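K.L.:
What would the 3D arrangement of this be:
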Amino acid sequence: MSEGEDRMKAARLMGRSLDELVVGEIPRPEPGEGEVSIAVETVGVNQLDLNVIGGVGPGAAAALPRTLGLDPAGTIVAVGAGVDPVRVGERVVVKPNIPCGACAECTARREADCPQQRVVGVHCDGGAAQFVVVPAMNAFACGSFDAAIATAAVHSVPIVLNALDVAEVTEDDLVLVTGASGTLGRAAVEVALGRGARVIAASRAAVDAPAGSWAVRCASPAEIPAAVAALDLGRPTVAVDVSGHGGVIAAAIAALGWKGRAVFCSASVDPRLTLDARDFYLQRKSLAGVASADFAQVARALELVARGVVRPRIGPRFPLADIADAYRAFSAGASGKVIIDVS
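P.N.:
Next up is the predicted model:
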């Protein structure tokens, strides 16, 4: 690497506020054994980024300074020892969760449940930079995908796919998706529809429900069970929450019918969850939490996008220099995936 090429621009969080997010030059990382270096084109804005900035929930695990960015997409430009050099030039997108590879869950290929997993942009430097280094196994080929589409898909679609797998959703189910107006919610609706299920898309914001689903707009969580009942479709058999609000999760569970299965993909906004234990017990309901996805689910999720089953929506786009504005747009409720164009 020649002089000048050993530096790169990156968005570094120096303290626990957006005012302390600085775009400047830092040393360019080199890939170690089993790793690849990626020239980043795009990276997305996620709630977990805000948790890192605020030092709350899972974001509190980030040691500062830290380069943000969970889901970069770009081109492999260098590989470390043990990685096939043929991968140089491959267009890839990064699965954010890095499993330990050695525990019982990893051995069983259930990487999503690895208790020691690390997250790109939290436990190690992320992709809001010109280059990022990640384990080669976390860099998934994205072929002819537009980089922004790959970024929008790699984190959200595998998580909801995992949630629907856990809930064992089939064409016989009526699925209630809460938080359906956002990136995760839209993906959950489309994946469930792709399985032939009937889907109710519920949110506090207006929902642009895909064909074959029903939209429900509720100003408060308390309105959800009645609004769902008013559709006269029967009680949902599955509830998938992506909102991260404990009150919304509780309302979705209350809307479920006999042996209803509930699964939630986030608890980063309001973690307090209060259930009607009697209803939960007597109606034989179940509840599971899902975070991340197995490697196989990431591959399946990207295939769903390639086939057009899921169509990630791109929202506002910002250059790396304006990354703070990207986070402000996300916090203000921007529609679609907020994208940072790094190159």
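K.L.:
for the stretch 51-200 of the chain, which spans come out with low pLDDT?
P.N.:
For the stretch 51-200 of the chain, no stretch is flagged by pLDDT under 70.
K.L.:
how about the helices of the stretch 51-200 of the chain, start to end?
P.N.:
104-107, 147-154, 156-166, 183-194 (DSSP state H, counting those that start in this stretch).
K.L.:
so is V207 in a helix, a strand, or just coil?
P.N.:
The three-state label given to V207 by DSSP: H, G, I helix; E, B strand; the rest coil is coil.
K.L.:
Tell me if I'm right that it and R217 touch.
P.N.:
Yes. When contacts are counted by C-beta atoms under 8 Å, V207 is listed as touching R217 (6.4 Å). For the C-beta atoms, the positions are set from N, CA and C on the backbone; glycine is no exception.
K.L.:
ok, the two, which is more surrounded?
P.N.:
V207 (23 against 15; other C-beta atoms under 10 Å).
K.L.:
Give the full set of residues in contact with the more buried one.
P.N.:
A180, S181, G185, A201, A215, V216, R217 (C-beta atoms under 8 Å, 6 or more residues apart in numbering).
K.L.:
how about the fourth one, what does it touch?
P.N.:
Residues counted as contacts of A201 (C-beta under 8 Å, 6+ apart) are V177, A180, S181, G185, V189, V207, A209, P210, S213, W214, A215, V216.
K.L.:
measure P29 to L287 for me?
P.N.:
Distance from P29 to L287, counting by C-beta to C-beta, to the nearest Å: 40 Å.
K.L.:
I misspoke; the intended subject was R217.
P.N.:
For R217, the distance to L287 - C-beta to C-beta - is 25 Å.
K.L.:
ok, the residue lying closest to G34 once chain neighbours are set aside - how many residues close by?
P.N.:
Nearest in space to G34, with sequence neighbours left out and distances taken as C-beta to C-beta, 6 or more residues apart in numbering, is G82 at 5.1 Å. If you count neighbours by other C-beta under 10 Å, G82 ends up with 10.
K.L.:
now the strands: where do they sit in the stretch 51-200 of the chain?
P.N.:
66-67, 73-79, 91-94, 97-98, 118-119, 131-135, 139-141, 174-178, 198-203 (DSSP state E, counting those that start in this stretch).
K.L.:
what angle sits between the last one and helix 183-194?
P.N.:
Think strand 198-203. 170 degrees (axes from the mean of the first three to the mean of the last three C-alpha atoms, to 10 degrees).
K.L.:
Then the second one?
P.N.:
For strand 73-79 and helix 183-194, the angle between their directions (the same axes, to 10 degrees) works out to 100 degrees.
K.L.:
List the buried residues in strand 73-79.
P.N.:
Using 16 or more other C-beta atoms under 10 Å as the test for burial, strand 73-79 gives A73, G74, T75, I76, A78, V79.
K.L.:
right, and the third one touches V93 too?
P.N.:
It stands for T75. No. Counting by C-beta under 8 Å, T75 does not reach V93; the two are 10.7 Å apart.
K.L.:
re earlier: closest one of the buried residues of strand 73-79 to R7?
P.N.:
Closest approach to R7 among the buried residues of strand 73-79 (C-beta to C-beta): A78, at 15.4 Å.
K.L.:
what's the distance between the closest one and V191?
P.N.:
A78 is 35 Å from V191, by C-beta to C-beta.
K.L.:
Need the buried residues of strand 73-79 in CSV (columns: distance to G247).
P.N.:
As requested, the buried residues of strand 73-79 are exported to CSV (distance: C-beta to C-beta, whole Å):
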residue, distance to G247
A73, 35
G74, 39
T75, 43
I76, 43
A78, 47
V79, 47
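K.L.:
For I98, list the residues it contacts.
P.N.:
Q117, R118, V119, V120, H123, C124, V134, P135, N138.
K.L.:
what helices or strands is whichever helix or strand V338 is part of leaning on?
P.N.:
V338 belongs to strand 337-341 when assigned by DSSP states H and E. Strand 337-341 sits against strand 35-44, helix 147-154, strand 314-319, helix 323-331, with contacts defined as 3 or more C-beta pairs under 8 Å, 6 or more residues apart in numbering; DSSP states H and E.
K.L.:
Now render these as CSV, adding distance to V248.
P.N.:
Formatted as CSV, the helices and strands packed on strand 337-341 follow (distance: least, C-beta to C-beta, whole Å):
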stretch, distance to V248
strand 35-44, 23
helix 147-154, 23
strand 314-319, 22
helix 323-331, 18
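K.L.:
Cool, thanks, talk later.
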